[in-house]
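J.: give me coordinates for this.
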Amino acid sequence: MTDPLFVADLATLKQLLRLTGVPASAADTLAILDEAILKSRLYFLRRLGADRVAALVAMTFEENPLTADDAVRALANTVEVKLVYSELLRRLPAAFMDASGDLNRRWNEEAPFRERSSFDAKAEILRLHDEVEEDMQILAGEEAVGEESDIRTFDGTPTFTPPRPGDSLRGPSTCRLNED
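T.: This is a model prediction of the structure:
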């Protein structure tokens, strides 16, 4: 299994994702979890660079952060959980198409990923993506903790889908961050 980059260990990550009930015999689910952890690690490395990731990993994790460095390190933990969760939302619900003999039992054990409509899952994935992008700016050192500003406007750029009524301020898929 791939170890988490920022979360203390795999058992802690499974607990944060509410996947502690997944048995060791659920090899397919564990393989998907392993790949999600690897994708998360690669995303951090691609987005922040190896030097910045190494600097973040070197920071000591504090459960109750008090300093800016503590807060940045804790943020790295939460972003890793969000990245893995987002990937699992994409991959695990498709398991119902699989004809495995114990699928119903495993489906019930993977509580956070069942009983969501595809619209709910897509909305949650978009929300998580927005949060991760905001947090990555802080982790990259582009913004300091507490200095975040999130003002979204539509500039009419044809590469973006125009907002529908009521959607004009929701997410990067329809809006662009105001960088002024």
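J.: distance check, the residue nearest to A140 when sequence neighbours are not counted against L19.
T.: Nearest non-adjacent residue to A140, counting by Cβ to Cβ, 6 or more residues apart in numbering: L48, 5.4 Å away. Placement of C-beta: from N, CA and C, glycine included. Going from L48 to L19 by Cβ to Cβ, to the nearest Å gives 26 Å.
J.: neighbour count winner among these two?
T.: Comparing L48 with L19 by neighbour count (other Cβ atoms under 10 Å), the higher total belongs to L19, at 23 against 18.
J.: and the residue nearest to A140, what pLDDT?
T.: Per-residue confidence (pLDDT) for L48: 94.
J.: residues contacting it?
T.: L56, M136, L139, A140 (Cβ atoms under 8 Å, 6 or more residues apart in numbering).
J.: for these, which single residue is the most surrounded?
T.: Within these, most neighbours by other Cβ under 10 Å means L56, with 23 neighbours.
J.: check which helices and strands the longest helix seen in the chain sits against.
T.: The helix that spans the most residues within the chain, counting by DSSP state H, is helix 68-91. Identification of packing neighbours for helix 68-91 by 3 or more Cβ pairs under 8 Å, 6 or more residues apart in numbering; DSSP states H and E yields helix 10-16, helix 27-48, helix 50-58, helix 118-139.
J.: got these as JSON lines, with distance to A74 columns?
T.: What follows is the helices and strands packed on helix 68-91, written out as JSON lines (distance: least, Cβ to Cβ, whole Å):
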{"stretch": "helix 10-16", "distance to A74": "13"}
{"stretch": "helix 27-48", "distance to A74": "15"}
{"stretch": "helix 50-58", "distance to A74": "11"}
{"stretch": "helix 118-139", "distance to A74": "11"}
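J.: can I get the contacts of L48 in a markdown table with pLDDT and distance to L75?
T.: Listed next are those as a markdown table, based on pLDDT from 0 to 100; distance: Cβ to Cβ, whole Å:
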| residue | pLDDT | distance to L75 |
| --- | --- | --- |
| L56 | 95 | 9 |
| M136 | 93 | 10 |
| L139 | 93 | 6 |
| A140 | 91 | 11 |
